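**Student:** I'd like to go over a predicted model; first the sequence, then the structure.
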Amino acid sequence: MYFRIGKVSKLIFPGYGFCKKCNTTWNLVRIKDVAYSEDGGCFHLCEKCWKESSQEERIEYYLSTERYRRSKTEIETLIKNIVSH
Ligand SMILES: [Zn+2]
C-alpha cells in the first residue's frame with residue numbers, strides 16, 4: 001500500500017505524523033528511517049520523497065527538526081548516514 005495523497009490525508013487522519021515534503025500521513029506511505037545513534041533513528045520523509053530529493057534537500061528535511069533535539073555527535077552521525085545512503 002502506498003498512497004501519496006498529500007495534505008488531505010491530515011484531514012482524514014488527524015492523529016498521524018506526516019512526511020515533511022508531500023504532507024501525507026504515515027499510515028499511507030512508508031517511512032525512510034535514518035539512524036542518529038546505534039539505537040535511535042528518525043524519519044521526516046517517505047521513501048518516494050527520499051528518492052526524489054537531492055542530498056542537500058534530505059539533509060535539510062532531517063536536520064530542520066533534529067538539530068533542536070539531538071547532540072552534536074548524533075547530528076554528525078545523522079548527516080553521515082544521510083550522505084552514505
Ligand atoms: Zn513524502
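**Tutor:** Cool, the structure landed. Everything numeric here is computed off the predicted structure, so don't read it as measured data. Numbers count the residues shown, from 1 in each chain.
**Student:** Tell me the secondary structure at Tyr68.
**Tutor:** With DSSP: H, G, I helix; E, B strand; the rest coil as the basis, Tyr68 sits in coil.
**Student:** okay, it: pLDDT?
**Tutor:** Listed pLDDT for Tyr68 reads 95.
**Student:** That one: how many residues sit nearby?
**Tutor:** For Tyr68, the count of nearby residues is 7 (other Cβ atoms under 10 Å). Just so you know, the C-beta spots here come from the backbone N, C-alpha and C atoms, and that holds for glycine as well.
**Student:** repeat for Ile12
**Tutor:** Close neighbours of Ile12, defined as other Cβ under 10 Å, add up to 11.
**Student:** quick one, what contacts it?
**Tutor:** Residues in contact with Ile12 (Cβ atoms under 8 Å, 6 or more residues apart in numbering) are Thr25.
**Student:** Quick check: it vs the ion, distance?
**Tutor:** Look at Ile12 and the ion: by Cβ to the ion, to the nearest Å, they are 16 Å apart.
**Student:** What separation is there between that residue and Phe18?
**Tutor:** Going from Ile12 to Phe18 by Cβ to Cβ, to the nearest Å gives 11 Å.
**Student:** for the residue nearest the centre of the chain, helix, strand, or coil?
**Tutor:** By Cα atoms, centre = their mean, the mean C-alpha position of the chain lies nearest to His44, the distance being 1.7 Å. Following three-state DSSP, the label given to His44 is strand.
**Student:** from what I can see it touches Cys19, true?
**Tutor:** Yes - the criterion here is Cβ atoms under 8 Å, and His44 meets it with Cys19 at 7.3 Å.
**Student:** mind listing what the residue nearest to the centre of the chain touches?
**Tutor:** His44 neighbours (Cβ under 8 Å, 6+ apart): Cys19, Lys20, Tyr61, Tyr62, Ser64, Thr65, Glu66.
**Student:** I'd like to know which of the residues you listed is nearest to the ion.
**Tutor:** Among the contacts of His44, Cys19 lies closest to the ion (Cβ to the ion), at 3.2 Å.
**Student:** ok, that closest one touching Val29?
**Tutor:** Yes - using Cβ under 8 Å, Cys19 is in contact with Val29, at 6.0 Å.
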